[in-house]
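A.B. asks: predicted structure and sequence below. I'll ask about it afterward.
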Amino acid sequence: MAGDGPGDAVLSCRDLRIEIGGMPVVDGTSLSIAAGETLALVGESGCGKSMTALGLIRLLPDAARQGGGAVTLAGTRIDSLPERQMNRLRGDRMAMIFQEPVASLDPLMPVGRQIAEALDREPGLDRAAVRARVLDILRRVGLDRPEVRARQYPFQLSGGMCQRVMIAMAMIRRPLLLIADEPTTALDVTIQKQILELMADLRRETGSAVLLITHDMGVVSESADRVAVMYAGRIVETGSVRQVFAAPRHPYTAMLLRTIPRLDGPRKVALPAIPGAVPDIRDWPAGCRFHPRCPLAGARCRAEAPPLDAVAPGHQTACWHHDRIAEVLT
Ligand SMILES: Nc1ncnc2c1ncn2[C@@H]1O[C@H](COP(=O)(O)OP(=O)(O)OP(=O)(O)O)[C@@H](O)[C@H]1O
Ligand code: SF4
Ligand SMILES: [Mg+2]
């Protein structure tokens, strides 16, 4: 499973399958995340990362449906809960941060009120106490002049500020599970770093399990404990960040790692992209779905899908030729 992390899993899913028009966009994904741990889900655009996340919290678009698998949050099976209970859980125990923070906030409500709503279910808080908590959290996520910010609407704030507001909303609820779907992609590099640091603070303070979705291996190396690499709806490699970065065993992972800018390398060198593109779900190849782009592909790869097998404790890969990975790394 992608992430047999330490301790009991806060979130786990087994064989999750999400279908669009009968096609499995997420095809048998299993993962688990422990309290206080960050699992990064990484892969190129269209691999099924967002569909996995939306499937986990049951916010799939109309076109998609869960076609199988089990999802458990803190020991409770949630994929079969009635919608009313699920809705309550989403409010109380889970928080999600999206790529487009401005679009994710209510445009018609001052941000302070939006954060205060997250405290609605806490008994015994009067208005003054709620206001104090809101201002305190705005200060802690690094917004200057919190009294002024609290009264502003999302359109009056920058993308980075809105992302801080989203983090404040998540932080104040102390969620068991935080899902962040490309939380920094729309932001410039300096703000990106600050937002990732804030998320780390949130995790430390609340002990939340974090699922961090990104296409950026640089973000993975800085922010995650473990990583699950996804390609065309399937997890193809998983392990601790240290294991996977030091010794990737899947050609796709090895090629993704090559796209990280090296701090010691020459500046402004164009990063090598992986030749080709993720195929559309209607054109997924038979066998190993990476075979049209893989330098190691052979006859077996074109015919049979490789299973996710252990290559070291806590490190798994789905590749028939993982023992030949050195040929890709050179
Ligand atoms: N609403 C939708 N209707 C039909 N197909 C969809 C819909 N949303 C996503 N898809 C398809 O599902 C597949 C997986 O999409 P998903 O959004 O999960 O990818 P992703 O890995 O999150 O990519 P990105 O990095 O671009 O966010 C893609 O092939 C995509 O075209
Ligand atoms: S199974 Fe074959 S095609 Fe797939 S990644 Fe491994 S070598 Fe490449
Ligand atoms: Mg996505």
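C.D. replies: On my side now, so go ahead. Ligands and ions are numbered 1, 2, ... in the order given.
A.B. asks: am I right that Gly91 is in a strand?
C.D. replies: No: per DSSP: H, G, I helix; E, B strand; the rest coil, Gly91 lies outside any strand segment and is helix.
A.B. asks: leaving out chain neighbours, which residue sits closest to it?
C.D. replies: Arg121 (7.2 Å; C-beta to C-beta, 6 or more residues apart in numbering). Bear in mind the C-beta positions are built from the backbone N, C-alpha and C, glycine included.
A.B. asks: tell me the SS of that neighbour?
C.D. replies: coil.
A.B. asks: right, is stretch 289-300 up against ligand 2?
C.D. replies: Yes: counting by C-beta under 6 Å from any ligand atom, ligand 2 has neighbours in stretch 289-300: 290-291, 294, 296-297.
A.B. asks: and the closest residue to Thr185 other than its chain neighbours, how many residues sit next to it?
C.D. replies: Leaving aside its chain neighbours, Thr185 sits nearest to Gln99 (5.2 Å; criterion: C-beta to C-beta, 6+ apart). Other residues near Gln99 come to 19 when the count uses other C-beta atoms under 10 Å.
A.B. asks: one step back: tell me the one of the residues of stretch 289-300 next to ligand 2 nearest Pro275?
C.D. replies: Cys294 (10.2 Å; C-beta to C-beta).
A.B. asks: now do the contacts for whichever residue of the stretch 51-200 of the chain sits closest to ligand 2.
C.D. replies: Using C-beta to the nearest ligand atom, the single residue of the stretch 51-200 of the chain nearest to ligand 2 is Thr52, 20.0 Å away. For Thr52, the contact set (C-beta atoms under 8 Å, 6 or more residues apart in numbering) comprises 16, 18, 26, 29, 41, 230.
A.B. asks: so it is in which element?
C.D. replies: helix 49-56 (DSSP states H and E).
A.B. asks: and the helix or strand just after that helix, what's buried?
C.D. replies: The element immediately downstream of helix 49-56 (helix or strand, assigned by DSSP H and E) is strand 64-73. Buried residues in strand 64-73, counted by 16 or more other C-beta atoms under 10 Å: 64, 66-67, 69, 71-73.
A.B. asks: and Val278, how far from ligand 2?
C.D. replies: According to C-beta to the nearest ligand atom, to the nearest Å, Val278 and ligand 2 sit 14 Å apart.
A.B. asks: surely that residue is in contact with Gly48?
C.D. replies: No: checked against C-beta atoms under 8 Å, the pair Val278 and Gly48 is beyond contact range at 9.2 Å.
A.B. asks: show me which of these two is the more surrounded one.
C.D. replies: Between Val278 and Gly48, counted using other C-beta under 10 Å, Gly48 has the larger neighbour count: 24 against 20.
A.B. asks: residue contacts, the more buried one?
C.D. replies: Counted by C-beta under 8 Å, 6+ apart, Gly48 has contacts 18, 25-27, 29, 230, 232-233.
A.B. asks: check Met109 too.
C.D. replies: Counting by C-beta under 8 Å, 6+ apart, Met109 has contacts Tyr153.
A.B. asks: equivalent analysis for the one 10 residues further on, please.
C.D. replies: The neighbours of Leu119, taking C-beta under 8 Å, 6+ apart as the test, are 125, 130, 133-134, 172.
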